[in-house]
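Asker: Pasting the sequence and the predicted coordinates here, then a few questions.
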Amino acid sequence: MRLTRRTVLAGAGAVALLALTGCAGGADGEAAAVPSTATGSLEHLAAEARCEPDLQTDADEIRQAICEQGKERYVLATFATDRGQREWINTAKDYGGHYLVGRKWVAVGHQDVVAGLRASLGGTLEQGADHGGHGGH
């Protein structure tokens with residue numbers, strides 16, 4: 001199965017929305033102990049992250065939901081293939097943002113949110129393009 005350009009752009013659009021609603025700066029959110037990377041369906045991963053997923057995309061190649069953690073929102077997506085996942089991430093990273101990446105899944109949101117999710121989902125932290133101009137504190 002291939003990701004269509006429309007599917008990739010829809011996913012990237014959700015990431016762009018999150019990236020533009022605020023870039024987190026600040027403290028290093030690196031967890032002391034990272035568990036083994038979680039696997040499973042979108043619903044299983046959401047349960048591990050204590051999220052009630054609001055499903056946005058339900059296609060053969062990608063399932064994508066919005067989750068909330070306190071006042072913060074993040075995207076949780078699962079993919080049919082590793083290649084489809086990497087293509088989606090590579091496109092989405094152009095919009096900036098912070099990514100927690102597991103096998104055939106990704107969580108995208110503010111740096112502190114994805115760093116916090118890492119404590120329950122494991123995974124690898126990645127960062128999108130830095131567009132600067134956000135000011136800092």
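Answerer: Yep, that arrived.
Asker: what's Thr37 in contact with, if anything?
Answerer: Shown here is Thr37, whose contacts under the criterion Cβ atoms under 8 Å, 6 or more residues apart in numbering are 102-103, 121-124. (Each C-beta comes from the backbone N, C-alpha and C, glycine too.)
Asker: List buried residues within those.
Answerer: The neighbour count (16 or more other Cβ atoms under 10 Å) marks 102, 121-123 as buried among these.
Asker: on that earlier part again, TSV for the contacts of Thr37, including pLDDT, distance to Gln85 and secondary structure?
Answerer: Listed next are these as TSV, based on pLDDT from 0 to 100; distance: Cβ to Cβ, whole Å; DSSP: H, G, I helix; E, B strand; the rest coil:
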residue	pLDDT	distance to Gln85	secondary structure
Gly102	97	9	strand
Arg103	96	8	coil
Leu121	97	15	helix
Gly122	97	16	coil
Gly123	97	12	coil
Thr124	96	12	strand
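Asker: now, which of these sits nearest Gly96?
Answerer: Thr124 (17.6 Å; Cβ to Cβ).
Asker: Cross-check the contact I'm expecting between that closest one and Leu100.
Answerer: Yes. In this structure, Thr124 sits in contact with Leu100. The criterion is Cβ atoms under 8 Å, and the distance is 7.4 Å.
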